[in-house]
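Undergrad: Okay, sequence plus prediction incoming.
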Amino acid sequence: MERLEMRCSITAKQNSKGKKQWFIGYKAHLATDDYGVPVSFAVTGASVHDSKVAVPLMKKARKTTDFLYVLLDKGYISPVINETMST
């Protein structure tokens, strides 16, 4: 598994008007229970895509709690994530 960028970083996103917006900083990634209580977290540089953090975050959450399902949006569709969820 590749190491995730933990340092402050810069990234750009295209807004709804087609203009690039730049972000400098960090991202907080959270795995929560049904009530919104954090079960696991990770902090990465802003340039790290959320899907890169999903598997390590789920593995970390699995060490601390049992869960029956995971809700993700379509940005997380990936064979690697599906394989991790089925094991």
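TA: Structure's in. What do you need? Residues are numbered from 1 along each chain as shown.
Undergrad: Neighbouring strands of the longest strand along the chain in the sheet, and parallel or not?
TA: When the chain is parsed with DSSP state E, its longest strand is strand 20-32. Looking at strand 20-32 with DSSP bridges, its partner strands are strand 9-14 (antiparallel), strand 38-45 (antiparallel).
Undergrad: Please indicate which of these has the most neighbours on average?
TA: The highest mean neighbour count among these, using mean count of other C-beta atoms under 10 Å, belongs to strand 38-45: a mean of 16. No exception for glycine: its C-beta is placed from N, CA and C like everyone else's.
Undergrad: Tell me which residues are up against that strand.
TA: Identification of contacts with strand 38-45 by C-beta atoms under 8 Å, 6 or more residues apart in numbering yields 4-9, 25-33, 53, 56-58, 60-61, 64-65, 67.
Undergrad: For my notes, please list the strands paired with strand 20-32 in TSV and give mean pLDDT and distance to Val80 for each entry.
TA: Formatted as TSV, those follow (pLDDT from 0 to 100; distance: least, C-beta to C-beta, whole Å):
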stretch	mean pLDDT	distance to Val80
strand 9-14	91	21
strand 38-45	93	16
